[in-house]
Structure formats: structure tokens, C-alpha cells
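K.L.:
Just the structure for this:
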Amino acid sequence: MTEQEQHRKLARLLSETAAAHGGHGAGRDPEWPLLYARALHAPLSELLGVTVTQSRLTQWLLSTEEAHKARNPERDWADFYAQRLLEHHAASSTAGEDRLTLYYQPICFYCRRVMQLMQRLQLDHIELRNTLLEPDARATLLEARGRATVPVLHIQTPDDEERWMPESADIIHYLKEMYG
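P.N.:
Here you go, the predicted structure:
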């Protein structure tokens, strides 16, 4: 399944979940992330190809709601959430062939956590781009994501599809699932 098809299925699943629970968002029911996490746990794990716990999904729903309101409130919420799900959680069917690049800063605690895992898993094939010392790396990150926060894992598949995965916890989870 292509990323576009996966995106469409995720957006539809999110919309159907909202409809089943009386609409989307914190304005309806303050416990909506818990309800969504319970309902979405199994189908998301299957659709994304990775295990997503209900507690992690609840946290993710809350942070995504905040990001949606802050960055792009006019965009359809289900479309925004689907895109972030793919960025943060989707498995790769070509993991062994993907080209990985970690955008990092050596002074960043979260970056060091990712790099320690890379060392433990002996993932020395991941290219490192220090955004403090490499202006081109910072510019690439800004162009792709609109911000220069790190760490960010860039995943490029053999057929040139690319993903930008922010958040150290998501990167660590992804690397463990795909390469651990």
C-alpha cells in the first residue's frame, strides 16, 4: 500500500472514530483522547504495521491536537492527524533498504538518547547531520519541516518516498521496531 493510500485510510478511520464518539475534539468531551485511544489501538497498530500502546496513543492524540491548533487550525483535523501518524509511527516495508539520516545537535539530550540507541543497535549506516555545524543540514530541515528542532529522522525509501520523523521517543520506538 502506498503512503497516499495509507494516509487516506488513516484519515477515514479517524473520522469514523470521531463520528462514533459524537464528534471530534476536546470541546465535546474532555476524555476524548482516552476514548479514541481505546477505539484506535488495534486498527492503528494493524494499519501502521507497528505496535502502538493505548497510553502512547493518548499522549500522541493530545500533542497532535495542540499542534493542529497551533500550526494549522484551518486544515482538516483528520488529514492533519493522518499525516502526523505516518510521520511519527508508520513502519517501513523496506526498512533494510531505506536510507536513514539523523538530524541532530550534540548538545541536545534527546538527540543523545537516539544516538545511544543507534550505538547499542549498531546502526552505523545512519548518516548523521549536525545542524549546529552544517548550515546546509539546518537549511534542509527548515525547508522540509518548517522548523529546525531536532532530533529528526529522515527516511528515504528505495523508490524515493521520504518521511521526516520528529520526536526522540518516536524515533527510538521506530528504530527498535524496525532494527532492534
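K.L.:
Next, the contact list for the most centrally placed residue in the chain, please.
P.N.:
With distances taken as Cα atoms, centre = their mean, the residue of the chain nearest its centroid is His88 (0.9 Å). Applying Cβ atoms under 8 Å, 6 or more residues apart in numbering to His88 gives the contacts Trp60, Met165, Pro166, Glu167, Asp170. All C-beta spots, glycine's among them, are computed from the backbone N, C-alpha and C.
K.L.:
Please identify which pair of those lies farthest apart.
P.N.:
Pairwise distances across the contacts of His88 peak at 12.8 Å for Trp60 and Met165 (criterion: Cβ to Cβ).
K.L.:
May I ask you to confirm that Trp164 belongs to a strand?
P.N.:
Yes: according to DSSP: H, G, I helix; E, B strand; the rest coil, the state of Trp164 is that of a strand.
K.L.:
For burial, what's the neighbour tally of it?
P.N.:
Residues contacting Trp164 under the criterion other Cβ atoms under 10 Å number 14.
K.L.:
swap in the one 4 residues further on?
P.N.:
Other residues near Ser168 come to 21 when the count uses other Cβ under 10 Å.
K.L.:
In this structure it contacts Pro151, no?
P.N.:
Yes: counting by Cβ atoms under 8 Å, Ser168 does reach Pro151; the two are 5.4 Å apart.
K.L.:
Please identify every residue contacting each of these two.
P.N.:
Residues touching both Ser168 and Pro151 (Cβ under 8 Å, 6+ apart) are Tyr110, Cys111, Val114.
K.L.:
Which ones among those residues lie within helices?
P.N.:
Among those, the members found in helices (DSSP state H) are Tyr110, Cys111, Val114.
K.L.:
I'd like to know how far the last one sits from Lys69.
P.N.:
What that stands for is Val114. Applying Cβ to Cβ, to the nearest Å, one obtains 27 Å for the distance of Val114 from Lys69.
K.L.:
What of the first one?
P.N.:
The span separating Tyr110 from Lys69 equals 23 Å under the rule Cβ to Cβ.
K.L.:
Please say which of the two ends up with more neighbours.
P.N.:
Regarding Tyr110 and Lys69, a neighbour count based on other Cβ under 10 Å identifies Tyr110 as having more, with 17 against 12.
K.L.:
give me every residue that touches that one.
P.N.:
By Cβ under 8 Å, 6+ apart, the contact list for Tyr110 reads Val150, Pro151, Ser168.
K.L.:
These into TSV, with extra columns for distance to Gly180, pLDDT and secondary structure?
P.N.:
Below are these laid out as TSV (distance: Cβ to Cβ, whole Å; pLDDT from 0 to 100; DSSP: H, G, I helix; E, B strand; the rest coil):
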residue	distance to Gly180	pLDDT	secondary structure
Val150	22	97	coil
Pro151	17	97	coil
Ser168	16	91	helix
